[in-house]
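Participant: turn this into a model:
(chains A and B)
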2 protein chains.
Amino acid sequence: MTDMITLDLLPTLALGATILGTGGGGDPYVGRLMAEQAIRECGPVPLVAPEDVPDDAVLLLCGMMGAPAVIVEKLPSGTEIAQAITAVAQMTGRAVTHLVSLEAGGINSVVPVAAAARTGLPLVDADGMGRAFPELQMLLPTLEGISATPMALVDDKGNRLVIDTVDNRSAEAFARGATVQMGASASLAFYPLRGDQVARALVPRTMSLAIAIGRALETARCAHDDPIDAVARAMQGRALFTGKVVDVLRRTTAGFNRGVATIEGMGSDIGTVMTLDFQNEFLIARRGDRPVVTTPDLICLLDALSGEPVTAETLRYGRRVAVIGAPCFERWRSPEGLAIVGPGYFGYGFPYRPFSPDDESV
Amino acid sequence: MTDMITLDLLPTLALGATILGTGGGGDPYVGRLMAEQAIRECGPVPLVAPEDVPDDAVLLLCGMMGAPAVIVEKLPSGTEIAQAITAVAQMTGRAVTHLVSLEAGGINSVVPVAAAARTGLPLVDADGMGRAFPELQMLLPTLEGISATPMALVDDKGNRLVIDTVDNRSAEAFARGATVQMGASASLAFYPLRGDQVARALVPRTMSLAIAIGRALETARCAHDDPIDAVARAMQGRALFTGKVVDVLRRTTAGFNRGVATIEGMGSDIGTVMTLDFQNEFLIARRGDRPVVTTPDLICLLDALSGEPVTAETLRYGRRVAVIGAPCFERWRSPEGLAIVGPGYFGYGFPYRPFSPDDESV
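Facilitator: Presented below is the predicted three-dimensional model:
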């Protein structure tokens, strides 16, 4: 396994994380620049296997919150997360020993690398989601009854909020409002964890997984292999559909990028249509009217030729794309997991349909 | 001077404070109940003259924020402000020695009495405004360059926010958003002050003033004197107009109660019209089109017969009312004061017109 995140690993990590972002999670380009700068100045970041975290360790999850389009334009200085970490440590009275990415997908896979480099803390090879989700209570610790707070939010101007709430959904609501006030971009540290909670409260080895996915894509490209199949194999999923984007319905409501993309089949999929619903991330893939992949399972969109990940924000008419489906982390499939990230939570009337790469009916 | 706030003083204090609320500040009824309960349980509250506060004292301003109509329906338990005070003390690392009302008008004149009784801290005979204003940066400490933060907000469910901002207007913006999330009612502690800042950062003797105004009204009623003139004299103002409310235009926008009331003259004012613009508080009084009293000077509305204060929220067609004008605390009339509470701040195109009770042209 990788035990050090070095400069030359960052592009591979960011590439894989964009795919795990399932269309959301933000473009890691800016996060990668932040991490590169931080590693150049402070040295590479130790990546600690979850089973090697001591029981008495004090962990904090961290990352950024807001509109990806804004984060790209309004670069964080790189010290904001360190300030947020300090604020939480001050509230809990315990020195932080390890950092963890809040999500494995998108910008939040690399922003914590920058935070780890600048604070000198090791990063745990794990995250809170195993992918990207749009809201801050959608993390495994919520299922374990672990509070997201004290949570600290810091903006680029130096404004700082420390939030303590009675439940994690309230924490999301307060943080969402504050982030809007912060100009749609905030750095945050939250979910204080003890080392003995790591085994149940984190999705293990997802930083390594992102690197493996990125590497599979890079290798397939060099070898002129099919990049789509290479990525699908690396994430234990399956290529489901190839086609041309013929329509994108998009609206920005309540701070989210919501919409539906319609893809007309090409090649073996000719004559059929797949639609993708998204709220930042892709939530539902349908063949015709039939849901075939449902949240929390992963729906990933790649450029049909290059295998380059396509985010919901950059979706546009005419783009040739391939859709990959992959199973989510097992724990999300429990009734309590589905209650916070299943189709019902997002307002859909149909149940979760567990996706398996071997299911030929999909 | 009054040196103890006892149970039997509370109705008088609340009555005078409603008048100083200049139409806003919330109905002190609920605050009075909270203070009565707290004094019954914990004893009366020492009222300390501002000049008797030691230079090394640590003061905190406190009160409630939100929609008065909600505060009345969703009673605070009375311990929220104490929690907010503890949170700020934790952030600053200094034990609080004195409390101060954030504003002398409305509910925030009595809520801090409850907080003082419950925490065992004395209350300073002063406040941050000398009246009521609608926003949290509209306090004298802002003019002194004193930060409103660390500020703590606590709701009835137990949610808690600690806010640290680069300027006081940002503190208002974050607190306003959080208060909406808290269901339009939050208890707060903020503006940590040192004793040596009291002389310049607080409006002195405004608790005593509220009591004096309340007493003047009560005495006039008992003696069958004119209550309007008695109140006007007590606040060094003048009765300007008497008439009947013939129209109230009201809209609730961005968390504020905004509108215009039109009053048709009676008695010596017959044939003329006065209009009052309000944003929670009365901001501008016009005779016809001519502004005669302008914010930050005080515009107070009383029932024409009983002298009972009339708030902007309870204004309605047919009510017989008297309008009193009174000069604001001198410091608000400086250019930097007017920049944050003058007509221009509220979007009016005309300048502040200092009101004097001797000016016969009004």
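Participant: residues touching the residue nearest to A:Val273 when sequence neighbours are not counted, list them.
Facilitator: Distances taken as Cβ to Cβ, 6 or more residues apart in numbering or on different chains put A:Glu264 closest to A:Val273, at 5.8 Å, once the chain neighbours are dropped. For glycine as for every other residue, the C-beta is placed from the backbone atoms N, C-alpha and C. Residues counted as contacts of A:Glu264 (Cβ atoms under 8 Å, 6 or more residues apart in numbering or on different chains) are A:Gly243, A:Lys244, A:Val246, A:Val273.
Participant: partners of A:Glu264 in the sheet?
Facilitator: Going by DSSP bridges, A:Glu264 is paired in beta bridges with A:Lys244, A:Val273.
Participant: could you measure from it over to A:Gly271?
Facilitator: Separation of A:Glu264 from A:Gly271 (Cβ to Cβ, to the nearest Å): 9 Å.
Participant: rewinding a little: just the pLDDT for the residue nearest to A:Val273.
Facilitator: Looking at A:Glu264, its pLDDT reads 97.
Participant: what about it, distance to A:Pro76?
Facilitator: Taken as Cβ to Cβ, the span from A:Glu264 to A:Pro76 is 40 Å.
Participant: next: A:Glu172.
Facilitator: As judged by Cβ to Cβ, A:Glu172 and A:Pro76 stand 20 Å apart.
Participant: next one: A:Ser185
Facilitator: For A:Ser185, the distance to A:Pro76 (Cβ to Cβ) stands at 7 Å.
Participant: list the residues that contact both of those two?
Facilitator: With Cβ under 8 Å, 6+ apart, A:Ser185 and A:Pro76 have common neighbours A:Met64, A:Asp156.
Participant: for A:Val162, list each beta-bridge partner.
Facilitator: A:Ala152, B:Val162.
Participant: state the number of residues packed around it.
Facilitator: 25 (other Cβ atoms under 10 Å in any protein chain shown).
Participant: could you do A:Arg287 as well?
Facilitator: For A:Arg287, using other Cβ under 10 Å, the count is 18.
Participant: give me the beta-bridge partners of it?
Facilitator: A:Met274, A:Arg290.
Participant: tell me the two of the contacts of A:Glu264 that are most distant?
Facilitator: Greatest spacing in the contacts of A:Glu264, by Cβ to Cβ: A:Lys244 and A:Val273 (10.5 Å).
Participant: next, show the common contact partners of these two.
Facilitator: Residues touching both A:Lys244 and A:Val273 comprise A:Ile263, A:Glu264, with contact defined as Cβ under 8 Å, 6+ apart.
Participant: quick check: which ranges of the stretch 151-300 of chain A have low pLDDT?
Facilitator: For the stretch 151-300 of chain A, the stretches with pLDDT under 70 are A:254-255.
Participant: which parts of it are strands?
Facilitator: Secondary structure of the stretch 151-300 of chain A (DSSP state E, counting those that start in this stretch): strands at A:151-154, A:160-164, A:185-194, A:203-204, A:238-253, A:256-265, A:273-279, A:281-287, A:290-294, A:298-303.
Participant: for chain B, what are the nearby residues on the stretch 1-150 of chain A?
Facilitator: The stretch 1-150 of chain A has residues A:Gln90 near chain B, with proximity defined as Cβ under 8 Å from any Cβ of the partner chain.
Participant: quick one: the residue lying closest to A:Ile5 once chain neighbours are set aside from chain B, how far?
Facilitator: Distances taken as Cβ to Cβ, 6+ apart put A:Val45 closest to A:Ile5, at 4.4 Å, once the chain neighbours are dropped. Remark: distance between A:Val45 and chain B (Cβ to the nearest Cβ, to the nearest Å) = 28 Å.
Participant: one more: A:Ala339?
Facilitator: 21 Å.
Participant: ok, now A:Ser208?
Facilitator: 37 Å.
Participant: my read: that residue touches A:Asp125, true?
Facilitator: Yes - if you go by Cβ atoms under 8 Å, A:Ser208 and A:Asp125 touch, sitting 5.4 Å apart.
Participant: okay, the two: which has more neighbours?
Facilitator: Taking neighbours as other Cβ under 10 Å, A:Ser208 and A:Asp125 compare with A:Asp125 leading, 28 against 19.
Participant: does the more buried one lie in a helix or a strand, and which?
Facilitator: Assessed by DSSP states H and E, A:Asp125 sits inside strand A:123-127.
Participant: that strand - what's its average pLDDT?
Facilitator: Rounded mean pLDDT across strand A:123-127 is 98.
Participant: any buried residues in that strand, and which?
Facilitator: A:Leu123, A:Val124, A:Asp125, A:Ala126, A:Asp127 (16 or more other Cβ atoms under 10 Å in any protein chain shown).
Participant: now A:Lys74. Nearest residue, chain neighbours left out?
Facilitator: In space, and not counting its chain neighbours, A:Lys74 is closest to A:Ser185: 5.4 Å by Cβ to Cβ, 6+ apart.
Participant: now do A:Thr165 against chain B, distance only.
Facilitator: Between A:Thr165 and chain B the computed distance is 5 Å (Cβ to the nearest Cβ).
Participant: let me fix that: A:Ser101
Facilitator: Per Cβ to the nearest Cβ, A:Ser101 is found 25 Å from chain B.
Participant: neighbours around that residue, how many?
Facilitator: Other residues within reach of A:Ser101, judged by other Cβ under 10 Å, total 31.
Participant: isn't it right next to A:Ala210, touching?
Facilitator: No - using Cβ under 8 Å, A:Ser101 is not in contact with A:Ala210; the gap is 9.3 Å.
Participant: what's the overlap in contacts for these two?
Facilitator: Going by Cβ under 8 Å, 6+ apart, residues that sit against A:Ser101 and also against A:Ala210 are A:Ser109.
Participant: neighbours of A:Pro204, how many?
Facilitator: Neighbours of A:Pro204 under the rule other Cβ under 10 Å: 18.
Participant: contact partners for the nearest residue to it once chain neighbours are set aside?
Facilitator: Counting by Cβ to Cβ, 6+ apart, A:Pro50 is the residue found nearest to A:Pro204 once chain neighbours are left out, at 4.6 Å. If you count contacts by Cβ under 8 Å, 6+ apart, A:Pro50 has them with A:Val124, A:Asp125, A:Ala126, A:Val198, A:Ala199, A:Leu202, A:Pro204, A:Arg205.
Participant: return the member of the buried residues of strand A:123-127 nearest to A:Arg290.
Facilitator: Nearest to A:Arg290, judged by Cβ to Cβ, of the buried residues of strand A:123-127 is A:Asp127 at 31.2 Å.
Participant: residues touching the closest one, list them.
Facilitator: Listed by Cβ under 8 Å, 6+ apart, the contact partners of A:Asp127 are A:Leu61, A:Val100, A:Ser101, A:Leu102, A:Glu103, A:Ala104, A:Asn108, A:Ser109, A:Leu202, A:Val203, A:Thr206, A:Met207.
Participant: on that earlier part again, mind putting the buried residues of strand A:123-127 into JSON lines with distance to B:Asp289?
Facilitator: Formatted as JSON lines, the buried residues of strand A:123-127 follow (distance: Cβ to Cβ, whole Å):
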{"residue": "A:Leu123", "distance to B:Asp289": "67"}
{"residue": "A:Val124", "distance to B:Asp289": "69"}
{"residue": "A:Asp125", "distance to B:Asp289": "72"}
{"residue": "A:Ala126", "distance to B:Asp289": "68"}
{"residue": "A:Asp127", "distance to B:Asp289": "64"}
